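S.K.: got a sequence here, can you build the structure:
(chains A and B)
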Amino acid sequence: METKQAPKLPHSPTYNLLLQAGPRLYLLHQVHAHIIVSGYGRSRSLLTKLLNLACAAGSISYTRQIFLTVPNPDSFLFTSLIKSTSKSHNFSIYSLYFYSRMVLSNVLPSNYTFTSVIKSCADLLALKHGRVIHGNVLVHGFGLDVYVQAALVALYGKCGDLINARKVFDKIRDRSIVAWNSMISGYEQNGFAVEAIGLFDRMKEMGVEPDSATFVSVLSACAHLGAFSLGCWVHEYIVGNGLYLNVVLGTSLINMYKRCGNVSKAREVFDSMKERNVVAWTAMISGYGTNGHACAHAGLVNEGRRLFASIREEYRLVPGVEHHVCMVDMLGRAGLLEEAYNFIKEEIPENPAPAILTAMLGACKMHKNFDLGAQVAGHLLAAEPENPAHYVILSNIYALAGRMDQVEIVRNSMIRKRLRKQVGYSTIEVDQKTNLFSMGDKSHSETNEIYHYLDELMWKCREAGYVPVSDSVMHELEEEEREFALRYHSEKLAIAFGLLKTSHGTPIRIVKNLRMCEDCHSAIKFISVISNREIIVRDKLRFHHFKAGSCSCLDYW
DNA sequence: ATAGGGTTAG
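M.R.: Predicted structure coming up:
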């Protein structure tokens, strides 16, 4: 017996004209005219298709104009309109608009309506509207539709409401790969890299096969944590399972490798990609930059000046804060303090962004220009009086200049404002698990072993000629604390742990949330010789590759 | 008459 299938009816000639026109405005206008002239001006099906195409063609005004001519828009028309508008970021707001018109017209929404309108809320980060719509979902009985649930998880995740994202996620009975991906990316995008990886492990335990979207988030989490071996595992999995390296996935891999300090692997991936766009190129270039292969480090000041000029002259773009910061950093590093300062005054005469002044201040500190430093710090404190980092660097500058009275004043004003220095920490991945250390941390299960080993190591460093550099420690600390703090800075603890736990020949990779201090920088150079290991430290701004007693940053950072 | 879904990089 053959099964009876519903016969597939051919499209009407007019409908075919619409299909042929596609999302091209001038053709759509012609077909629209044809529709009206041939008396189909009230055909909902034709108007629906026309609306979708007008929207896809990018004209929201034409879309609205057509919408207003539809006699009685039905659920399908509203839904398709909401879906079309949800596809473009620019039109998300109209998605909400048409949804509210739908509700006001008493037209019943479907589960398809909700997936689209929720996506628009997510793109708009419209959490309040999202909550209301979530209520509507429940009222209309779609609370257990897996597509709607996945959209809700993504909505809450994007809006930073992880509690509700997880609540919805936990209620999903049969979790699709997209539901898992939404929750994992929710954690990742909100800075919870460890949780993202934890959920990924759970997903694997449950036998769910990850896909490229899963890996994009997981790689992002690896990049965040500097989790090199997990990142390599993901890469092997991708290759082993023959997953296609599309631009997004490829760029995620590049990003992971470069943020783990391995530019050559990043480059291998880049070279193997079939398609590359601006994002991929930018990821690769910035990888070279942060790892010390760019103008500011190589001292290619003329090249840098020329590139900056080309932003306007060749590319017709307006330089942004990030470009200004780079210029000031590059000039400052090269010792051209005056040029850097004039650059700021000329390029950004009013209210330069704090990041630009911070770069200037760093340059003043590096080249010990205390007068200019104090002047810059004054502007910076006026712009951001609540940021403790500015007070710390200013007090460091005064200390370097030997003006302890000023150090005292800065310190007191910090105390008065109840500002505290951001807590520094370092992480290191061992056996695909990330271990976190903070200064003087004794919470680790192998604390005694680690401290003992570190003391021994520092002793050997001293024998080899290492002298502690105490001026980089916070000046608000008491003398005794200072010595302790210096000896047990988080990166030193993490390195000691790494040396204890990994075999010879394996590079040690550390991620630090703040800038590295001068003392640690000097100590690690000695450690790299004594332990005969390559040590790679990623600090807040850039990479330091220590090998045989020297660092890739050439002591400028 | 006919038509559709949620996740992913700097």
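S.K.: the residue of chain A found nearest DNA strand B: neighbouring residues, count only.
M.R.: As assessed by CB to the nearest atom of the strand, DNA strand B sits closest to A:S45 within chain A, at 2.5 Å. From N, CA and C alone the C-beta is placed, and that goes for glycine too. Here the number of neighbours of A:S45 (other CB atoms under 10 Å) works out to 16.
S.K.: tell me the contacts of it?
M.R.: A:S45 makes contacts with A:Y15, as judged by CB atoms under 8 Å, 6 or more residues apart in numbering.
S.K.: just the pLDDT at it, thanks.
M.R.: On the pLDDT scale, A:S45 is placed at 88.
S.K.: that one: helix or strand, and which one exactly?
M.R.: Taking DSSP states H and E as the definition, one finds A:S45 inside helix A:44-56.
S.K.: can you show me the CA trace of that helix as CSV?
M.R.: Backbone C-alpha positions of helix A:44-56 (Å, rounded to 0.1, in the frame of the first residue of the first chain) are rendered in CSV as follows:
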residue,chain,number,x,y,z
ARG,A,44,-3.6,38.0,2.8
SER,A,45,-1.3,35.3,1.6
LEU,A,46,0.2,37.5,-1.1
LEU,A,47,0.5,40.5,1.2
THR,A,48,2.2,38.3,3.9
LYS,A,49,4.9,37.3,1.4
LEU,A,50,5.2,40.8,0.2
LEU,A,51,5.7,42.1,3.8
ASN,A,52,8.4,39.5,4.5
LEU,A,53,10.3,40.5,1.4
ALA,A,54,10.0,44.2,2.0
CYS,A,55,11.3,43.7,5.5
ALA,A,56,14.2,41.5,4.2
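S.K.: now do the helix or strand following that helix: which elements does it pack against?
M.R.: Using DSSP H and E, the helix or strand that follows helix A:44-56 in sequence is helix A:60-69. If you count contacts as 3 or more CB pairs under 8 Å, 6 or more residues apart in numbering; DSSP states H and E, helix A:60-69 packs onto helix A:25-37, helix A:44-56, helix A:75-87, helix A:92-104.
S.K.: hmm, the first one touching DNA strand B?
M.R.: No: shown here: helix A:25-37 not in contact with DNA strand B (CB under 7 Å from any atom of the strand), separated by at least 9.7 Å.
S.K.: mind checking which of the helices and strands packed on helix A:60-69 is nearest A:F169?
M.R.: Minimum separation from A:F169 across the helices and strands packed on helix A:60-69 (CB to CB) falls at helix A:75-87, 21.4 Å.
S.K.: okay, buried residues for that closest one please.
M.R.: Neighbour-count burial for helix A:75-87, counted by 16 or more other CB atoms under 10 Å, picks out A:77-87.
S.K.: and the residue positioned nearest the centre of chain A, what pLDDT?
M.R.: With distances taken as CA atoms, centre = their mean, the residue of chain A nearest its centroid is A:Q189 (7.1 Å). For A:Q189, the pLDDT comes out at 96.
S.K.: and it, backbone torsions?
M.R.: Backbone torsions for A:Q189, taken as degrees, to the nearest 10, come to phi -70, psi -20.
S.K.: quick check: it touching A:G157?
M.R.: Yes: in this structure, A:Q189 is within contact of A:G157 by CB atoms under 8 Å, at 6.7 Å.
S.K.: what residues does A:K460 make contact with?
M.R.: A:526, A:530.
S.K.: could you do A:Y94 as well?
M.R.: Going by CB under 8 Å, 6+ apart, A:Y94 touches A:60, A:63-64, A:85.
S.K.: CSV for the residues you listed, including distance to DNA strand B and pLDDT?
M.R.: As requested, the contacts of A:Y94 are exported to CSV (distance: CB to the nearest atom of the strand, whole Å; pLDDT from 0 to 100):
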residue, distance to DNA strand B, pLDDT
A:I60, 18, 92
A:T63, 15, 93
A:R64, 19, 93
A:T85, 11, 94
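S.K.: so what's the nearest residue to A:S92 once chain neighbours are set aside up against?
M.R.: Spatial nearest neighbour of A:S92, excluding adjacent residues (CB to CB, 6 or more residues apart in numbering): A:S120 at 4.1 Å. A:S120 is in contact with A:82, A:85-86, A:92-93, A:95-96, A:126, counting by CB under 8 Å, 6+ apart.
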